[in-house]
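> Quick one, what's the 3D model for this:
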Amino acid sequence: MLNFWNPSNSTDPNASTQQQDPPPPATPAELPTLQPDHVVAGEQSTTAMEPPPPPNTRLAMSYEARMMTIGPISAMTGFFLGLSQGVMTHGLRFRAENAHRLPSDPAGWFLYHKRKNYVALWGGIREGLFTGFKTGFWACGFLMCEQAVDRLRGLGGQDYKGQARGDFGSTVIAGLGTAGAWSLWNRLPITAAARTAKTGLLFGLVYGLVQDATGLLRGQKLAYVESLRRIATRASGESEAPQAVSGKPQT
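Model (predicted):
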């Protein structure tokens, strides 16, 4: 009886294992890298972050930045001034209140000075906090008045692009307004109110001129400087106009 060999019926163990091994998985094709529409191959992006141009504002800061900077600085200055004044005042007050019962032994003097330092320091801290709050409040009121005058004059808009900012005139008006409000709040007499108004006028003038000087050094536009330039340009144009229309020279 003939027996033909069939590969499928082979009992070779190596052949069976080779047939049962699964084929290796195919490697996935690499996905193409997606680039933004504004990026060109071989060139850098044109939408890179660029620093904004310096704003045409007072002290090169916006109104909010000035409030967040000058307000805390004024409050801290008032706190330290009130602290020093309060420590000295409460120390002298403690000595005056206890002048009739001074100690007579070293232990008593030690407790006396310890108590005096405690009272003076605590009173100075309270006075410093109160003075710092008042100084910060009135400084912020001065900045608000200055910004309000600029807006009423049509200067210093929101964008600050190509627009002349406020000058020392607004600062002087803000100084006078703040001095007047301080005099009314504290009910000062006429003579004291006049001295306060002079102080506000002097402070507004000096502070405004300093702001204008720093702005001119940065190349900013000022309201009165632009007005003077327009007047000078108009005057020079009127002086050159007759020469332009003059005809042939007379013989």
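
> Flag the shaky bits of this protein, pLDDT-wise.
Where the chain drops to pLDDT under 70, the residues are 1-55, 156-164, 239-251.

> any idea where the helices of it begin and end?
Secondary structure of the chain, counting by DSSP state H: helices at 13-20, 63-97, 106-152, 168-186, 190-217, 223-245.

> can I see the domain layout of the chain?
For the chain, automatic domain parsing gives the domain ranges 60-153, 167-218.

> Mean neighbour count for these - can I get that in JSON lines?
(Each C-beta comes from the backbone N, C-alpha and C, glycine too.) Listed next are the domains of the chain as JSON lines, based on neighbours: other C-beta atoms under 10 Å:
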{"stretch": "domain 60-153", "mean neighbour count": "15"}
{"stretch": "domain 167-218", "mean neighbour count": "17"}
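
> export those domains to JSON lines and tack on distance to residue 237?
Shown next, in JSON lines, are these (distance: least, C-beta to C-beta, whole Å):
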{"stretch": "domain 60-153", "distance to residue 237": "26"}
{"stretch": "domain 167-218", "distance to residue 237": "25"}
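
> Residue 234: which of these is closest?
The minimum distance between residue 234 and the domains of the chain falls on domain 167-218, with 20.2 Å, by C-beta to C-beta.

> And the closest one, end to end?
The first and last residues of domain 167-218 sit 14 Å apart, counting by C-alpha to C-alpha, to the nearest Å.

> same deal with stretch 154-171?
End to end - C-alpha to C-alpha - stretch 154-171 spans 15 Å.

> check contacts around the closest residue to residue 171 other than its chain neighbours.
Distances taken as C-beta to C-beta, 6 or more residues apart in numbering put residue 208 closest to residue 171, at 3.1 Å, once the chain neighbours are dropped. Going by C-beta atoms under 8 Å, 6 or more residues apart in numbering, residue 208 touches 167, 168, 169, 170, 171, 172.

> Nearest to residue 213 among these?
residue 168 (9.7 Å).

> contacting residues around that closest one?
Residues near residue 168 by C-beta under 8 Å, 6+ apart: 204, 205, 207, 208, 209, 211, 212.

> can you check residue 80 too?
Residue 80 touches residue 128, counting by C-beta under 8 Å, 6+ apart.

> Okay, it and residue 188: tell me how far apart.
To residue 188, residue 80 is 25 Å away according to C-beta to C-beta, to the nearest Å.

> cool, residue 131 as well?
Applying C-beta to C-beta, the value for residue 131 to residue 188 is 18 Å.

> And for residue 150?
As defined by C-beta to C-beta, residue 150 lies at a distance of 28 Å from residue 188.

> Next: residue 197.
Here the criterion is C-beta to C-beta. By it, residue 197 lies 10 Å from residue 188.

> again, but for residue 90
Using C-beta to C-beta, we find residue 90 at a distance of 26 Å from residue 188.

> again with residue 200
In terms of C-beta to C-beta, residue 200 sits 12 Å off from residue 188.

> ok, now residue 98?
Counting by C-beta to C-beta, the separation of residue 98 from residue 188 is 35 Å.

> cool, and residue 99?
Taking C-beta to C-beta, one finds residue 99 at 34 Å from residue 188.

> can you check residue 113 too?
Relative to residue 188, residue 113 is positioned 39 Å away (C-beta to C-beta).

> try residue 86
For residue 86, the distance to residue 188 (C-beta to C-beta) stands at 22 Å.

> ditto for residue 112
39 Å.

> Check residue 85 too.
Distance of residue 85 to residue 188, given as C-beta to C-beta: 20 Å.

> next one: residue 236
Separation of residue 236 from residue 188 (C-beta to C-beta) stands at 50 Å.

> unless I'm mixing things up, residue 125 is touching residue 83, no?
Yes - if you go by C-beta atoms under 8 Å, residue 125 and residue 83 touch, sitting 6.5 Å apart.

> which residues sit in contact with the closest residue to residue 78 other than its chain neighbours?
Leaving aside its chain neighbours, residue 78 sits nearest to residue 135 (2.8 Å; criterion: C-beta to C-beta, 6+ apart). The contact partners of residue 135, taken as C-beta under 8 Å, 6+ apart, are 74, 75, 77, 78, 79, 81.
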